[in-house]
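**Q** Give me a model of this one.
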Amino acid sequence: MSNYMHLIDIIIETPKGQTEKFNLDLKSGGFKLKKMLPAGMVFPCDFGFIPGTIGEDGDPLDALVFSEIKSFPGCIMECRLLGAFVCEQKQKQKKIRNDRYLFVPTQSRQFATIKTINELGLKMMDEIKSFFKQYNQLEGKEFNVLKQINDKNAFTLIKKSYE
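**A** Numbering: from 1, shown residues only. Just a heads-up that it's a prediction; the model follows:
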């Protein structure tokens with residue numbers, strides 16, 4: 001178990017259970033509907049981003065937030081970093097990194113004892129990996145989780161991505 005506690009503000013774009021994907025529209029400052037998921041498919045956790053970062057895909061780093069808290073697009077949550085999935089996305093024969101960083105809000109009671117990515121459990125991990133594989137297939141992209149890393153290594157990657 002890590003002795004580090006990395007607290008980072010996360011901006012939620014799409015709350016857990018939603019069938020709609022929202023993105024922050026930089027022009028208006030509002031949240032714009034990007035797409036609808038197919039029937040029966042919902043976001044398994046809150047999906048957002050780490051403000052001030054830029055990934056290989058040109059977007060801020062993706063954040064997955066696990067909690068019982070009801071959120072909304074634009075909600076800012078102070079979160080504790082658990083680790084990350086190091087991921088590769090293939091689009092039009094080009095491979096890019098598109099990692100997923102996993103967090104728990106500091107205000108969560110239900111997830112308060114979870115300190116590492118492994119403590120989320122295999123069932124939850126498989127569900128998340130499967131969701132993003134299917135989600136990317138809908139856009140004609142191939143998505144693979146290459147490995148999972150702890151909070152310390154994930155924080156090192158986050159630091160490198162600040163603008």
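
**Q** tell me which strands and helices the lengthiest helix in the chain is in contact with?
**A** Counting residues, the longest helix found in the chain (DSSP state H) is helix 122-137. Helices and strands touching helix 122-137, by 3 or more CB pairs under 8 Å, 6 or more residues apart in numbering; DSSP states H and E, are strand 76-91, strand 142-150. (C-beta placed from N, C-alpha, C; glycine too.)

**Q** Mean neighbour count, those: which tops it?
**A** Between the helices and strands packed on helix 122-137, the one whose residues have the most neighbours on average, counting mean count of other CB atoms under 10 Å, is strand 76-91 (a mean of 20).

**Q** need the strands for the chain, in chain order.
**A** If DSSP state E is used as the criterion, the strands of the chain fall at 7-14, 20-24, 31-36, 46-49, 62-65, 76-91, 94-97, 100-105, 142-150.

**Q** Show me what the third one is packed against.
**A** If you count contacts as 3+ CB pairs under 8 Å, 6+ apart, strand 31-36 packs onto strand 20-24.

**Q** 10 Å instead?
**A** The elements that strand 31-36 packs onto, with contact taken as 3 or more CB pairs under 10 Å, 6 or more residues apart in numbering; DSSP states H and E, are strand 7-14, strand 20-24.

**Q** Likewise for the fourth one?
**A** Packed against strand 46-49, as judged by 3+ CB pairs under 10 Å, 6+ apart, are the following elements: strand 7-14, strand 20-24, strand 62-65, strand 76-91, strand 100-105, helix 122-137.

**Q** List the buried residues for the longest helix of the chain?
**A** M125, I128, K129, F131, F132, Y135, N136 (16 or more other CB atoms under 10 Å).

**Q** For D9, state which of these is nearest.
**A** Distances from these to D9 were compared by CB to CB; the smallest belongs to I128, at 21.4 Å.

**Q** wait, isn't that closest one in contact with V65?
**A** No: when contacts are counted by CB atoms under 10 Å, I128 is not listed as touching V65 (11.6 Å).

**Q** For those two, list the residues in contact with both.
**A** Taking CB atoms under 10 Å, 6 or more residues apart in numbering as the contact definition, I128 and V65 share the neighbouring residues C45, L102.

**Q** now for the helices and strands packed on helix 122-137, which one comes closest to T14?
**A** Across the helices and strands packed on helix 122-137, the minimum distance to T14, taken as CB to CB, is reached by strand 76-91, at 13.4 Å.

**Q** just checking, what packs against the closest one?
**A** Under the contact rule (3+ CB pairs under 10 Å, 6+ apart), strand 76-91 is packed against strand 7-14, strand 46-49, strand 62-65, strand 94-97, strand 100-105, helix 122-137, strand 142-150, helix 151-160.
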